[in-house]
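Q: What follows is a predicted structure for the sequence shown.
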Amino acid sequence: MTPHTVTAQGAPAHLPWKLHEPGASGEGSRLHQVITAAQAQDRCALGMYLPVGYPNRVAGMDALHLLAQSADVIELGIPYADGVLDGPVIQQASQTALDAGFRIEDLFAAARELSSSSRAALVVMSYWQPLHAYGPLRFATAAAAAGIDAVLIPDLPIEEAAPWTAAARATGRGTIPLVSHRTQPDRLARTVAAATGMLYAAATDGVTGNPQPVSSRLPGLITQLRSLTSLPIAAGIGISTPAQARTAAAWADVVVVGSAVIRRMQASPRAQTAAAAAAGRDFAAALRPRTHHTTREATR
């Protein structure tokens, strides 16, 4: 019997989970530590996404440092021109970073700096082509040295993931799959079985930054995932407002915000880093425990 909180509507605020893979962003990793710490505070962890090098190397690094003051997890995006999951906001930000001269080494430099200066766990979001071109084992080795816990590759199907998963296992890095309510049950089971570190559930339908509300199918998806794994579950894609983050946090262990941060930066071209910092504070405040939560006993 494990106590946890529920919302006034009866949705579990965050369910108990256990990481059992110390060699793959499991127990002992910073990712494990920050999610555990958030749950000890009776709240969902906050993840913040930003493409590395946006809007340029210097301002982008400043923004990441400021986001890390509010976030439990920093999701470092590798800018890529053909991201199938990226909406217009992230597409534009990625192109801006590429135009400013982003190189893959900038990712590792940013990770080393953040890892040594903040408590935030670091994960990477990248499409497969940049990792494939760099070399999976070479990338995973550099990621480990830079303090990156895990990698999300949204366009890498499970049937083609062996080169990456082998490299990740060899270096103790986590593999975070992206799943949605459209994922067929047999495929979902195989995808979840290959995951290490964390799972990522689509909170809305469509590309990043879409204006839709949090999907009514998210609770069912996360419940289904919890029946298949004890790994923590993040929810992201389309979390545009603090209110939406609060909704997704009723079910997920981590809520990830990306396009909403970039929009604020774009809206304040002369104060982009300050805008990023304000976004981090606002979303972090939305995930603080609320006084009208009630406690009950529940079993896994």
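A: Received it, and whenever you're ready, just let me know what you need.
Q: show me the residues around Leu85 that make contact.
A: Counting by C-beta atoms under 8 Å, 6 or more residues apart in numbering, Leu85 touches 154-155, 178, 207-208, 237. (Each C-beta comes from the backbone N, C-alpha and C, glycine too.)
Q: how about the strands of the stretch 1-150 of the chain, start to end?
A: Ranges of strands in the stretch 1-150 of the chain, per DSSP state E, counting those that start in this stretch, are 2-6, 45-51, 73-77, 121-125, 150-152.
Q: So which of those is nearest Thr196?
A: For those, the distance to Thr196 is smallest for strand 150-152, at 7.4 Å, taking C-beta to C-beta.
Q: of all the contacts of Leu85, which comes closest to Tyr200?
A: Proximity to Tyr200 was ranked across those by C-beta to C-beta; first place goes to Leu178, at 4.8 Å.
Q: From Val151, how far off is that closest one?
A: As judged by C-beta to C-beta, to the nearest Å, Leu178 and Val151 stand 12 Å apart.
Q: the more surrounded of these two?
A: Using other C-beta atoms under 10 Å as the criterion, Leu178 and Val151 rank with Val151 on top: 26 against 20.
Q: wait, the more buried one sits on Val123?
A: Yes. If you go by C-beta atoms under 8 Å, Val151 and Val123 touch, sitting 6.7 Å apart.
Q: what's the overlap in contacts for the two?
A: By C-beta under 8 Å, 6+ apart, the residues touching both Val151 and Val123 are 174, 176.
Q: Which one, of the strands of the stretch 1-150 of the chain, ends up nearest to Glu160?
A: Comparing the strands of the stretch 1-150 of the chain by C-beta to C-beta, strand 150-152 comes nearest, at 15.0 Å.
Q: looking only at pLDDT, what's the mean for the closest one?
A: For strand 150-152, the mean pLDDT works out to 98.
Q: Over to stretch 275-283?
A: Stretch 275-283 shows an average pLDDT of 98 in the prediction.
Q: I'd like to check what contacts it. Which residues are they?
A: Contacts to stretch 275-283, defined as C-beta under 8 Å, 6+ apart, come from residues 46, 48, 50, 63, 66-67, 69-71, 242, 245, 255, 257, 260-261, 264-265, 267-268.
Q: Also stretch 176-196?
A: 21, 24-26, 85, 123, 150-152, 154, 158, 161, 165, 168-169, 174-175, 197-202, 205, 215, 217-218, 220-221, 224-225, 228-229, 231, 234.
Q: what distance separates the start and the end of that stretch?
A: Start-to-end span of stretch 176-196 (C-alpha to C-alpha, to the nearest Å) is 6 Å.
Q: Also stretch 184-201?
A: Using C-alpha to C-alpha, the end-to-end distance of stretch 184-201 comes out at 14 Å.
Q: what about the helices in the stretch 151-300 of the chain?
A: 162-171, 185-193, 218-228, 242-249, 259-267, 272-286 (DSSP state H, counting those that start in this stretch).
Q: So which bits of stretch 75-92 are buried?
A: Counting neighbours by 16 or more other C-beta atoms under 10 Å, one finds that the buried residues in stretch 75-92 are 75-80, 83, 86-87, 89-91.
Q: which of those residues lies closest to Ala286?
A: Glu75 (17.6 Å).
Q: can you count the residues close to the residue lying closest to the closest one once chain neighbours are set aside?
A: Once flanking residues are discounted, Glu75 sits nearest to Tyr49: 4.0 Å by C-beta to C-beta, 6 or more residues apart in numbering. Using other C-beta under 10 Å, Tyr49 has 26 neighbouring residues.
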